[in-house]
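Asks: Have a look; sequence and predicted model below, questions after that.
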Amino acid sequence: MATTKIVIEGNKATLVLEGRLDTPSAPQVEQDIKPLYGDGLETLLIDCSAMKYISSSGIRIIISLYKFFSKKGGEVIVKGLTPEVKEVFDMTGLLDIFKIED
Amino acid sequence: MKIEKLILSVLLSTLFFTAKGQSSVSAMQSSLYTFWTAQSQYAGFILAEEDGLYKANGMDLKVIHFDGTPAVEMLQTGKADFVSLTLLDALDARLKGVKLVNILQFSHESSFVVVSNEPVRSLKDLKGQEIVTYRAFNTTLKNEIYRRLAQNVSIKEIYSCVEAFCTGAYDYVICTSYNEMYEIEESGFDISSKNIIHLSKCGLNIPEDGIYVMEEFLQKNPKAVDKFIKASIEGWSIASQDIEHSVDVTLTRMERENLLHNRYHERNMLKEMLRLHGKDQNFSLTQKEFDEALELFGEEAKGIIDFDSFAR
Amino acid sequence: MKIVNNIKSSFAAKLSFMLFIGTFIVVTCVYAINNFRTRNHMVKEAVKDNAAMVDLFISKIGKEINLVEHNIKSRDMLFKEYYKKRDVDALDAMIKDVAKECNVREVFYALRPRGERTYMADALKEPDGKINVMRRTRNYKYYLHTYYLVPEKYQKDYWTAPYFTTIASQRAITFSHPIIDTTGDMIAVLGADILLETLTDTLSANVAKHSPIKGSYLMLVSKDGRYLAHPDKKKIANETYITDARENDCPELEIIVRKILDGESGNCIANLYGQRTIVTYAQMPELEWGIMLATPYDTITSVILEYIILSFVLMFIGFLIMGFVIYRIIWSMSKPLNVYSHASARIAAGDFDTPVEMTFSSGDELEKLGKDMDDMRVKLKNYYEDIQISAAQRESMEKELSIAHDIQMSMLPVESEVSLSNEYVKVNGYLNPAKEVGGDLWQYMLKDGKLMFIIGDVSGKGVPASLVMAQTVCLFKAQDADSSPLDLVMLINSLLSENNERNMFETLIVGKLDLSDGKLSFCNAGHDPMLLVRDGKVEEIPMNRNLPVGLIEDFQYRIDSLTMQPGDKILLYTDGIPEAENEMKELYSLKRLENALLENCEASTEGIIHSIREDLHKYVESAPQSDDITMVCINYRKMISNTENLTRTIVFKNQMSEVSRIAEFIEGIGEELSIDFSVMNGIQLAIEEAVVNIINYAYPDKTDCDSSLRVNFKDNVLTFILTDSGIPFDPTGKQDPDVSLDISDRPIGGLGIFLVKKIMNEVSYEYISEQNVLTMKKELKTK
C-alpha cells in the first residue's frame, strides 16, 4: 500500500509518495492528494525516493497532476526515482515530460 | 543513796507501825518548843517528828516553834514538855528558880561570832565600838563581853541587826555562826578570817543548845524522856548522814510556817550545827562545860546549882 | 517513682524542677546568711530594747519613790512646827494627808524616846482607802528597828530592806526621814511604807507585756541581796542572789549582781541557769536595788527559728507555686516541642500533607523550628512526589524497554516456525534467551538465490547488548546479494569499535551460501566454529577464528569458504550450548553436542534442533539457564538449475484486493527463482496491469468470479497464463498509446496493456472454450 505526505509552503507543494503505488491503492492516493488541486500552487515537487513500485494507475495520477499544474503554467518536478520506477517512467515516456531531479 | 533511803524508810515505817501499836495504849501527848522559829538549827528534832521517829519510839511528840513566848515560860506553864534553850539561858532560868533539867545537849561549842566591817583579830579590837546584835541576846554573855572589854564597848540589841550591819549603819555585829553570819554572807558581804572573831576562840566557848524539861516532868516521865532522847538522837543521826533529806524536811516545815527559806542557807546552817555539835556525837552536857558556863554567873551561883541536878 | 518518671519524660517538668531546686538552694543560702545577720541584729536590738526598758522601770519606780520621798521631806518644816506646838492632831492630819497623796500603805512618825516614853503614830491605809491613825503601844520598840535606828544614827534619809509587815504578811519597804531640830538632834522620824508589790508586780507584768522577745524576764534584787522580782516566784524574798547563784551553780549571776550593787550598769552575755542570756542591768539610785532584764539567747534564736520556720514554710509554698507556674510557663512555651514531636512522628510515618501546627507565635527559635520543620515537610513532600514520578517514569521506561526487547526479539526469526524451506535449502533456528533481553542473535535472508545468514553473541546482557544486537541485525538485513560476509563483519567491527567506551564486543559468523553452486563463503569473528554434517559424519569446519568484532577497529578479518554438497547440513550455535551447565556445574561440551548432532544426522533441520534441545534439556535438568542458547541448522538440498521447471498457479476473484495477493505470489516466485528485484518489479507491474484489466472489465456485472494465473518457469523463460471466463476481450488488439506525444495531448488511460507489452517479451491472446487466455513470456537473463 502506498502512503502520501503533502507539505505546502506558500505556492510550493511537496508530495511524498511511499510504498507501492499500485492499482488497489490508487483510489486512496487520489483522495489524499486532493489539496494539491487548489489555487495558488505553482510548483509541485513529487518525491518518489521511497516509492518502490508504481503501476499504470499511479502513472495516471501523476499525469493528471502534471496536466493540472501545466495548464495554469506551473511546474512539476519529480525527485528520487528508484531504478525500477524510473524504468516505468521511461517506458511510459514520462521521463521526457517531467523535470527529473535525483 | 536512794536504796539506802528506801531501806531506811521501809525500816522506819515498820518501826512506826509497831510503835503505833504499842503507843495506842499508853501514848502521851507531848511537845518540844524551840526558842527560835523553824530552821536547820533544830533539824534533828524536826526530822525525828516528820520521819516518825518519835512515834516509832512510842511518843506522840510535836515540835512547835517560837511564837514570841519565852521558852522558859512555855516550860513553866506546861505548854511544852521539852524546850530548847542555850546553856546560859537555862542556867539563868535555874538560878532564877525554875527547876529545869538538861536532858540532851546538841551543841558543844559557842556559835557566836563578831563580824566586822574592818579587819579584827581579837575581842580587844572591839573596844570603843558599837556592836549590834539581835534582840534577846544572852545577858550573861553580854556582861561577860563587857567585863572582858572593861565596859569599853556597846552591844545594842536591835531588830534586823543583819540589815543594820549590811547597809553599813553599824560596823560590828555579834551573831550566830549558823544563821546571821550566813545571812550576812548571803546578802553579799564577804566574810573572811580577817573580819570575824569566833567567841569560842576567845575563851568564851560556852556550849549552847540543849533540851530541857522540868525536873518534875523528868521524875514523872523518865521513860518518855528516854524515848525522846533516843528518838532525837536518831533524828540527828539521820540528819548528819543525810543532809539533803534533812534540809528537805526542814524546808517543808519552814514553808508550812510561812517562813523565809532557802536551801543554801538551811544546808549551811545544818552543817554548822553539826560542826558545833562535834565529831564525837556526844549528846550529853559535860561537867566541864557546865562548870565553864556557870563560871560566868559568879561564885554564888556555884553554890546554887550542881551539875548532877542540872544535867541528867 | 511515677513523679520521677514524669519529670524525666517531660521537658517542662525537668526544666522547672531544676529551676526550682536551683533557686531554692540559692535563696536558702541567701536566707541563711540573712538570718545569721538578723540574729546578730536581733541580739543588738534586744540589748537596746532591754536597756530602754530597764531605764523605763528605773524611772517608773523612781517616780513612785520620789513621790514618797518628796511628800515626806516636804513636811519636815511643818512637822517641826506642829511638834513644837505639841499639836498631835495636826501631826495626825499631816500624816493622813501624806497617806492620801501617795501610793503608800502607811505613813508614820516616831518620836525620839525620852527615857521610857515612846511615841509613834501610824496613818494606815485600809484596803478600802480609808485612812485611820493609830498609835503604837509602849511594847512596840520602834527605836530598835532599822527604819528608826539608821536615820537616827546618820541623820540621813533611809530606805529599809524589804521586810514582812506584821499585818497581812505583805512585804514592804519603809522610807524614813529624820527630823532634825535646830540643835542638830533628831527629834523624830517621819516615814512611810510602800508595799513591794505595788512596785515590782507591775514591772514583771510590764516585762511580759512589753518585751519584744518572749522569754525575757525581770530580776530585782534589794540592797540586801534578796530577790524582789524573779521569774521563779518561789525565789522571791526567800533567796538572795548569792544563795541562788551558789545553789544553782550560776557564778556569773553573783558577779553581775555584785557589780550592780556596786552601782554599775550595762549589759553582758552571761550563763544564767544554764542558758546563754543577754543581761541588761542597772542600779536604782534611790533604793540601791539592782535591776536586771534578762533575755535568754535561745529565746532570740527560737524567735528567729520560729520566724525562719514560718518564712521557710511560706517560702517553700511560694516556691511550689512558683515551680508550678514556671512549669506551666515552660510547658506552654515548650508546647511547640510536643507539637513538633507529634508532627515529626507523623512526617516519619509518611504523612506529608498535614502541616505542622503553628497555632502560636512566640517569635523565638521554637517558632522558627516549627517553620523550618514545616518547610522540611513541604520539601520532603515534593521530594517524595518527585521520587514517585521518577519511579513511574522508570516503570514506564522499563515498560518501554520491554517493548524495545519485544521489538528486538521480533527482529529475530521466530523459533518455532520453519524459517525457510524450499526445495533448495532449509533453515531452522532456535534462540532461547536466558534473560529478558538477550545478547544472542541469528538471522538469514534469501536474495537472488543466495542464502545469507548470521549468528552472533554480544558480550554482556541487557539493553546495551540488545542495542548492539539490533544494530548488527539491521546491518545484516541491509546487505544485498553481492556483498561479502567479510564486508559486513568489517563494517560491524568498525561501527562497534568506534567510541566503544563500554568495550562491547560480539562474536559473529556471517555466511553466504550460493544456492546455485553450493559455494559457502563465511567470516568468523571469534565465534564457535560451525559443524558440518556430511555423509553421516560430523566435523568441525576449519576456519579462521579472527577476533570478535568491536575490539580493534582496523582489524583485518579473513574470510573462509567451503563448497557445500546437496544434502550437507551445517550447524551454527552459540557458546550457550557447549557451556551449559548441569547441577554438578559440569559443561555440556562441544563433544556432547557433536554426538547429539551425529546421532540425528539423518533428521530434518528442525528434527536436529529439537533433538539437541532435548539432549541439552536432559543434561541440564533443573539447573538454571545461565546464558542464551542459540542454534541454527541449514540444510543445503539441491542446486538451483536453470533447466528446472517451476509451475505455480493462483486463482483470484475479480476484486481489487486480490491484486496484493497476486503481488505476493509473484514475489514468492521471484524469491524462489532468485530473480533480480528490478526484473521482478517489471514483472510485477506487467502482471498487475493484466490482472487489473480482467478485474475491471471481464465481469462487468459480477463480483465473485474466479480467474487464474499460471506461472511456468522453464529454460530461463517465465510464462504467465491468465485465464478468465469473462467477456471476450483481446488486450493485444488495442492500439498502443503514443508516448512521444505531449502529455497534455495524451489520454490518461490505455497505459496498462502498453506497459505489459513493453515489459514482457511476448504477449499473446486466445479465446479458447469461452475463456480469455492471455499468455505472457519473459526471458530471464542468465548470470
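Replies: Cool, got the structure.
Asks: Is A:I8 in contact with A:E42, as I believe?
Replies: No. Between A:I8 and A:E42 no contact is recorded; they are 11.2 Å apart, counting by CB atoms under 8 Å. (Glycine included, C-beta is placed from N, CA and C.)
Asks: can you give me the helices for chain A?
Replies: Secondary structure of chain A, counting by DSSP state H: helices at A:26-32, A:56-71, A:83-91, A:94-97.
Asks: Neighbours of C:A603, how many?
Replies: Close neighbours of C:A603, defined as other CB atoms under 10 Å in any protein chain shown, add up to 18.
Asks: Go ahead and list the helix or strand containing the residue nearest to it when sequence neighbours are not counted.
Replies: Leaving aside its sequence neighbours, C:A603 sits nearest to C:S611 (CB to CB, 6 or more residues apart in numbering or on different chains; 6.4 Å). When elements are assigned from DSSP states H and E, C:S611 belongs to helix C:605-620.
Asks: Against which helices or strands is that helix packed?
Replies: Here helix C:605-620 is seen to pack against strand C:425-432, strand C:569-573, helix C:590-599, strand C:629-636 when contacts are counted using 3 or more CB pairs under 8 Å, 6 or more residues apart in numbering or on different chains; DSSP states H and E.
Asks: tell me which residues in that helix are buried?
Replies: If you call a residue buried by 16 or more other CB atoms under 10 Å in any protein chain shown, then helix C:605-620 has these buried ones: C:T605, C:E606, C:I608, C:I609, C:I612, C:R613, C:D615, C:L616, C:Y619, C:V620.
Asks: and the angle from that helix to helix C:590-599?
Replies: Helix C:605-620 runs at 140 degrees relative to helix C:590-599, counting by axes from the mean of the first three to the mean of the last three CA atoms, to 10 degrees.
Asks: Mind listing residues that contact helix C:605-620?
Replies: Residues outside helix C:605-620 that contact it (CB atoms under 8 Å, 6 or more residues apart in numbering or on different chains): C:418, C:426-430, C:533, C:569, C:571, C:577, C:580-582, C:588, C:592-593, C:596-597, C:599-601, C:603, C:629, C:631, C:633-635.
Asks: For B:M269, see how far away the spatially closest residue to C:N432 that is not a sequence neighbour is.
Replies: Distance criterion CB to CB, 6+ apart; nearest residue to C:N432, sequence neighbours excluded, is C:I629 at 4.6 Å. Taking CB to CB, to the nearest Å as the measure, C:I629 falls 143 Å from B:M269.
Asks: same question, C:S708
Replies: Using CB to CB, one obtains 180 Å as the distance from C:S708 to B:M269.
Asks: Between the two, point out the one with more neighbours.
Replies: Taking neighbours as other CB under 10 Å, C:S708 and B:M269 compare with B:M269 leading, 24 against 14.
Asks: residues touching the more buried one, list them.
Replies: B:M269 makes contact with B:Q39, B:S40, B:Q41, B:Y178, B:N179, B:Y182, according to CB under 8 Å, 6+ apart.
Asks: and the third one, helix, strand or coil?
Replies: Right, the one you point to is B:Q41. In terms of secondary structure, B:Q41 is helix; the call rests on DSSP: H, G, I helix; E, B strand; the rest coil.
Asks: quick one: it and B:V63 touch, right?
Replies: No. Assessed by CB under 8 Å, B:Q41 is found out of contact with B:V63, at 11.7 Å.
Asks: between the two, who's got more neighbours?
Replies: Ranked by neighbour count (other CB under 10 Å), B:Q41 and B:V63 place B:Q41 first, with 28 against 23.
Asks: and the more buried one, what is it in contact with?
Replies: B:Q41 neighbours (CB under 8 Å, 6+ apart): B:T34, B:Y178, B:N179, B:D209, B:M269, B:M273.
Asks: Against C:A525, how distant is it?
Replies: Distance check for B:Q41 against C:A525: by CB to CB, it reads 156 Å.
Asks: Is B:G210 in a helix, a strand, or coil?
Replies: The assignment at B:G210 comes out as strand when based on three-state DSSP.
Asks: Show the contacting residues for the closest residue to it other than its chain neighbours.
Replies: What sits nearest to B:G210 in space, not counting adjacent residues and going by CB to CB, 6+ apart, is B:Q105, at 4.2 Å. Residues in contact with B:Q105 (CB under 8 Å, 6+ apart) are B:L87, B:P207, B:D209, B:G210, B:I211, B:N282, B:F283, B:S284, B:L285, B:E289, B:A311.
Asks: Kindly indicate the member of those with the most neighbours.
Replies: The residue in those with the most neighbours, by other CB under 10 Å, is B:L87 (29 neighbours).
Asks: mind checking how far that one is from chain A?
Replies: 176 Å (CB to the nearest CB, to the nearest Å).
Asks: ok, that residue - contacts?
Replies: B:N102, B:Q105, B:S107, B:I206, B:P207, B:E208, B:G210, B:L285, B:E289, B:F290, B:A293.
Asks: how about the nearest residue to the residue of the stretch 351-500 of chain C found nearest chain A, chain neighbours excluded?
Replies: Of all residues in the stretch 351-500 of chain C, C:D480 sits closest to chain A, at 12.9 Å by CB to the nearest CB. Spatially, and ignoring its direct neighbours in sequence, C:D480 is nearest to C:K447 (6.6 Å; CB to CB, 6+ apart).
Asks: so the one you found sits right up against C:S674, yeah?
Replies: Yes. The criterion here is CB under 8 Å, and C:K447 meets it with C:S674 at 7.4 Å.
Asks: Okay, buried residues for stretch C:565-581 please.
Replies: Under the neighbour-count rule (16+ other CB under 10 Å), stretch C:565-581 has C:568-578, C:580-581 buried.
Asks: What of stretch C:766-783?
Replies: Neighbour-count burial for stretch C:766-783, counted by 16+ other CB under 10 Å, picks out C:N772, C:L774, C:T775, C:M776, C:K778, C:L780.
Asks: Am I right that the third one is in contact with C:M760?
Replies: No. Applying CB under 8 Å as the test, C:T775 and C:M760 come out as separate, 9.4 Å apart.
Asks: Give the bridge partners for C:L531, please.
Replies: In this structure, C:L531 has beta-bridge partners C:E540, C:L571, where bridges are defined by DSSP bridges.
Asks: tally of neighbours for it?
Replies: Burial of C:L531, expressed as a neighbour count using other CB under 10 Å, amounts to 21.
Asks: ok, now how distant is it from C:L598?
Replies: Applying CB to CB, the value for C:L531 to C:L598 is 9 Å.
Asks: Equivalent analysis for C:Q556, please.
Replies: Applying CB to CB, the value for C:Q556 to C:L598 is 35 Å.
Asks: Please identify which of these two sits among more neighbours.
Replies: Looking at C:Q556 and C:L598 with other CB under 10 Å, you find the greater number of neighbours at C:L598, namely 14 against 10.
Asks: now that one, nearest residue through space, not along the chain?
Replies: In space, not counting the residues next to it along the chain, C:L598 is nearest to C:V538; the distance is 4.6 Å by CB to CB, 6+ apart.
Asks: All set, thanks.
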